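Student: Sharing a model that was predicted from the sequence below.
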Amino acid sequence: MILLVEDNEDDVFIMEQVLKKLPLKHRVHLAEDGQQALDYLEGIGKYSDRAIYPYPAIIFLDLKLPKVHGFEVLTWISKQPIIKEIPVAMLTSSPEPRDRERAANLGARTFLVKPPTPEVLIEALKLIVTRD
């Protein structure tokens, strides 16, 4: 499972199109805001069945999200013993060095400027830790 946390429909479309072109066995689950991402990762509400909503192999996390900001989601992830081991690739439209540094300090494994190219996504997907 790949968890894509993104609120912009155009960016979701681009990511899904690029991911479809790659030889992946993982399906993509979309969380449209930071709260949905937290609910999914915590396994609460409709996400409580881990057979249907397993822990993701990788998380593509947008920085600017409604409800709960990307850095807040990343901070929460960094405090969870099991979940913090899941590779997180931050997505942003801004290549600000301070954002990259903060993301790295919170445990993000890579920082991708949107829209990422297929080659950049392939590099990010090499971070996947097999959980299947």
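Tutor: Received the coordinates, thanks. Residues are numbered from 1 along each chain as shown.
Student: How about the contacts made by residue 91?
Tutor: Contact criterion Cβ atoms under 8 Å, 6 or more residues apart in numbering gives 6, 11, 15, 60, 61, 62, 63, 112, 114, 116 as the residues in contact with residue 91. All C-beta spots, glycine's among them, are computed from the backbone N, C-alpha and C.
Student: Nearest residue to the second one in space, please, no chain neighbours.
Tutor: Nearest non-adjacent residue to residue 11, counting by Cβ to Cβ, 6 or more residues apart in numbering: residue 114, 5.6 Å away.
Student: And the contacts of residue 91, which is the shakiest by pLDDT?
Tutor: Lowest pLDDT among those: residue 116, with 75.
Student: burial of it, as a residue count?
Tutor: 20 (other Cβ atoms under 10 Å).
Student: doesn't residue 124 make contact with it?
Tutor: Yes. The pair residue 116 and residue 124 qualifies as a contact (Cβ atoms under 8 Å) at a distance of 7.3 Å.
Student: isn't residue 60 right next to residue 89, touching?
Tutor: Yes. Using Cβ under 8 Å, residue 60 is in contact with residue 89, at 5.1 Å.
Student: So those two - more neighbours on which side?
Tutor: The residue with more neighbours, out of residue 60 and residue 89, is residue 60; 27 against 23, by other Cβ under 10 Å.
Student: Provide the secondary structure category for the more buried one.
Tutor: Here residue 60 is recorded as strand under DSSP: H, G, I helix; E, B strand; the rest coil.
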